[in-house]
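Trainee: Generate a structure from the sequence data that follows.
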Amino acid sequence: MDARGTTRCEAAAAALPESAEWWELLAERSRRRIAASRWAPVLRRLSRLATWGSLFYLLAILLFWPTGSWAVRVWFGVAWVLLAWVLMARTRTLRVTTAFRVFALAIPWSVAIGAISWWLTVSLAGLPSVSGVGGTVVVASIVEEVLKLAPLAAVALLAPGRARRFAVADWALAGFASGSAFELVEESVRRVHLMAGKHGILDICRYQSGYERLRCYDVPEFGVNPFGSGFAGDPPYAGHAVMTALVSVALGLAIRLVRGRLVGPVGRIVVWGLPAVVLAVVMVDHAGRNAGRSSGGWGSVQEAVPVGIRLFHTASGGGHGREALLFVLLCIGMVLDASAYRLGTMADVAPNAPAGALERGYGRVRGAVSGWSVPVHAQWLLASVLDLGYLVVRDLRDTVTVLLGGGQGAGDARSRRAQAAQTAREVQVLWEYQRAARAAVMRDLFDAGRAGRPRARLVVVALVTAGLVVVLVVTPWLARALEEAAGGGGFTWLAGVLEAIGDWWAELGVGWKMLAASAVVALAMLVPGVGLGTALAVGGTSWNMAARADDFADAVRDPRGAALRYLRDRGPVGVAVDAGLWLLPWGVGRATSTGLQTAAFQGARRSLRDHVGELPRVLDHPRAFSGPVVPLKEGELPAWLKRLIEGSRWHRAEQLRLDTLRGGNSELYIAKPKRPARGVDPEDWVRPGGWNRLDHYNSERMVIYSMKHTQLAEVREATALRYLDELATKYQPGTPIADVPSTPATLIGSDLDGQMTLLVPEQHAPIPRSVLDYADRLDIVIADPSGRRYS
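Mentor: Predicted structure coming up:
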């Protein structure tokens, strides 16, 4: 990469969009001040000296302080594992340095987590020691796993825009970095204690030395393998880094699936429950490890732990295979990221890098997959896997090319050290260019403006509040209950929780109950993809569960007896009434959703009256439009009209997507020519009163869009050519933009300028050559929403 490429990369990185957040503006301002300061060279030298000084300090501890050297070895091991996972996440938009900054900032927070755990156990729970059953099984498993997610919540609160444009790989790495910090603190303290602490004469491990003593204590070891840093034994524990990353990658997958509109209404509910389920798995794994690390299984607390939790632990694998699960989820996340990067697949190639055999082969295979007669979802999945493979191979090829070309043109006067330093800088610039291009794609797709950031903050505040309630209220109570149950008190703590909920609900008045149910509905509405109908169903179900909490408590204590008593007391009629009460909220929710969908459909039908001229000439039902409103239900509509309505919905969805990009304007009024001919003179434009409406115009990117929801290979050739003629006739560059109230002030008085583009859905069959040639003659680009150009 030459100097021009480097300058271009730096300029691209320095350019900030209008929607930049406070931290981006602050970082840019600081960078400019430091660059303009005469002390900049001194600061850079001091930074290098501090880095090298820290490294030599660690090496000195490693060589001259035997006890402290074990903590330093943990630091090197944890840092290597984190670096390996960062390098594996090829679709990330986070810099390597950013991942390690999260790691560094999470270290003091990890120390604070330990202090909070001690305070909760001794002060709030009132237990005598943190090493008891309540402290190790309940407090450690809940508090540590929840609070390790605090750095992610801090990012989402302080920089919601950055969190909104996180790739799935970024969520995984942020969680892995936070968990790695806690693992560093915990394992450093553990090793120093085991290697230097005083142990009883019956402790056989004290008579061994070095790594043999650590193996005797079943302490995890760090080596070259980034997948083997957890605890072995029965049950195993994959380590804090892997466990926290599992929760964060599940959260990233849920966000990507919902915001990318890859799942339906039911699928949204399922995927939003995925992070909660994974967090429950992680907590149970942690609790099971702490409970049974000396005797296997759940140890002495087995009878005190509800059978449901033990079965859940067994069904989820009992702690086995968590590293493999994280790798699989990361790969799935990278495939989803690649589907988003499809818009910029060719954009993040190094400057001046020619398109070689890899690009040509990728294009041919990608085109072949698009033409396969397979279900659309399968075709999308195959294409996304191909995109991921292309990104990985291309990045590797470009890196190898830069490394091998580092010494070309170097004379005798240039030392090998200078050559290596220059090559390293070129590789760094290459990686930064590719990362910045991926980040730009994510910004355009998921955070083009500031509109969604307040809602994101509100969701995070709700989640943080729920987490604080769990940590400060629920955890101490559960710790005391488990301590009593394990001590032989016979107290079924889960039943106690349910009874407490039932007592609290019974003391509330009707107004407060309605307020609580409304709060549940409001919280459900905050979840992206959840409509009013589903939220009402969730609120009604929560009401029923709180009202029957005492019955659930009886079922926990004596499942069989509670079921028999319920059937005997209620009878067939009572059981039917109860079933109806449970189903009633979902029926109301379904009716609400159906009503809203019907209203939206009727609005779409009314909007079709303005486009009657676009309807096919031969109608299956000639009198369908004789009245003021289409007198047909959606199920009774002919196939062609259903396709037209689907096209209208697609048209609007694409306009909404393009409107989020800077400079985007939909339904723009432009002047209408007197005659349908290209190249008319300015004086031949119709004066105000005669306008055409352009589907979309982006004045920043200089693109003129005409949208057609059609498969060009399935329509008549004359129809496809008419689409192209319409674009070149009505919306050609140079067309004056109308001075009407809906026109943005910045566009009044200007003309259309840019590339004419026919936007169509992803084509399932090759477009006829005659259509492509005609588009070339008219200088029109045919493209789909993913950014693919057909030629």
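
Trainee: and the residue nearest to Ser791 when sequence neighbours are not counted, what does it touch?
Mentor: Closest residue to Ser791 apart from its sequence neighbours, by C-beta to C-beta, 6 or more residues apart in numbering: Leu772 at 6.2 Å. C-beta here means a position set from N, CA and C on the backbone, and glycine is covered the same way. When contacts are counted by C-beta atoms under 8 Å, 6 or more residues apart in numbering, Leu772 is found next to 782, 790-791.

Trainee: Wait, Ala338 touches Leu391, no?
Mentor: Yes: taking C-beta atoms under 8 Å as the definition, Ala338 is a contact partner of Leu391 at 6.0 Å.

Trainee: sorry, back to before: wait, is the residue nearest to Ser791 part of a helix?
Mentor: Yes: assessed with DSSP: H, G, I helix; E, B strand; the rest coil, Leu772 lies in a helix.

Trainee: still on that earlier bit, quick one: which of the contacts of Leu772 is nearest Gly260?
Mentor: Closest approach to Gly260 among the contacts of Leu772 (C-beta to C-beta): Tyr790, at 23.0 Å.

Trainee: ok, how many other residues are close to the closest one?
Mentor: Counted with other C-beta atoms under 10 Å, the neighbours of Tyr790 add up to 19.

Trainee: Please apply the same query to Phe166.
Mentor: That count, for Phe166 with other C-beta under 10 Å as the rule, works out to 28.

Trainee: do you know how far the closest residue to it other than its chain neighbours is from Arg259?
Mentor: The spatially closest residue to Phe166, leaving aside those adjacent along the chain, is Gly252, at 6.5 Å (C-beta to C-beta, 6+ apart). According to C-beta to C-beta, to the nearest Å, Gly252 and Arg259 sit 11 Å apart.

Trainee: Look at those two and report which has more neighbours.
Mentor: With neighbours defined as other C-beta under 10 Å, Gly252 and Arg259 compare such that Gly252 has more, 27 against 15.

Trainee: That one sits in which helix or strand?
Mentor: helix 240-259 (DSSP states H and E).

Trainee: Could you list every helix and strand that that helix packs against?
Mentor: helix 66-88, helix 145-147, helix 168-196, helix 265-292, helix 322-341 (3 or more C-beta pairs under 8 Å, 6 or more residues apart in numbering; DSSP states H and E).

Trainee: rewinding a little: can you lay out the contacts of Leu772 as JSON lines showing distance to Thr399 and secondary structure?
Mentor: Putting those into JSON lines (distance: C-beta to C-beta, whole Å; DSSP: H, G, I helix; E, B strand; the rest coil) gives the following:
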{"residue": "Ile782", "distance to Thr399": "34", "secondary structure": "strand"}
{"residue": "Tyr790", "distance to Thr399": "31", "secondary structure": "strand"}
{"residue": "Ser791", "distance to Thr399": "30", "secondary structure": "coil"}
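
Trainee: a markdown table please, covering those residues and showing pLDDT and distance to Trp543.
Mentor: Formatted as a markdown table, the contacts of Leu772 follow (pLDDT from 0 to 100; distance: C-beta to C-beta, whole Å):
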| residue | pLDDT | distance to Trp543 |
| --- | --- | --- |
| Ile782 | 93 | 54 |
| Tyr790 | 88 | 54 |
| Ser791 | 77 | 59 |
